[in-house]
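Asker: here is my input, please return the structure:
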Amino acid sequence: MDSKKSTGIIPSAEEAERLLEDAGKRNPGLWIKHSRTAGCCARKIAEKCPGMEADKAYVMGLLHDIGRREGIMDMKHIICGYRFMKSKGYVDIYNVVNLN
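Answerer: Sure, this is the predicted structure:
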């Protein structure tokens, strides 16, 4: 995956980082650091697993809690994340966010 372009299915790493940064401005908290850690860990795991795309794993880990951008709402962030990513047209990632 070219990290400079969005495939339309998932955002590029740069776009994912921007989305997370914007979300952190809307709802600051430890969840931002947690999401960055999840993204980095996902990338490292994917690098060791044949057939996995490290950049894609990074993006999905980074955005797995993106629904928290809407605020503190227990598990409703899953639905908010699903709707947000779907509204952006990121078909693959909104399925992952929905399963979080």
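Asker: from here on, just use CA atoms for contacts and neighbour counts.
Answerer: Fine.
Asker: so where is the chain shaky, pLDDT-wise?
Answerer: Flagging of the chain using pLDDT under 70 yields the residue ranges 1-8, 94-100.
Asker: name the nearest residue to residue 32, sequence neighbours excluded.
Answerer: Leaving aside its sequence neighbours, residue 32 sits nearest to residue 24 (Cα to Cα, 6 or more residues apart in numbering; 6.3 Å).
Asker: ok, that neighbour - how many residues close by?
Answerer: With neighbours defined by other Cα atoms under 10 Å, the count for residue 24 comes to 20.
Asker: can you check residue 87 too?
Answerer: That count, for residue 87 with other Cα under 10 Å as the rule, works out to 11.
Asker: go on, residue 75?
Answerer: Residue 75, neighbours per other Cα under 10 Å, totals 11.
Asker: ok, the residue most central in space within the chain - contacts?
Answerer: For the chain, residue 63 is the residue whose C-alpha lies nearest the centre (Cα atoms, centre = their mean; 1.4 Å). Taking Cα atoms under 8 Å, 6 or more residues apart in numbering, we find residue 63 in contact with 16, 20, 35, 39, 97.
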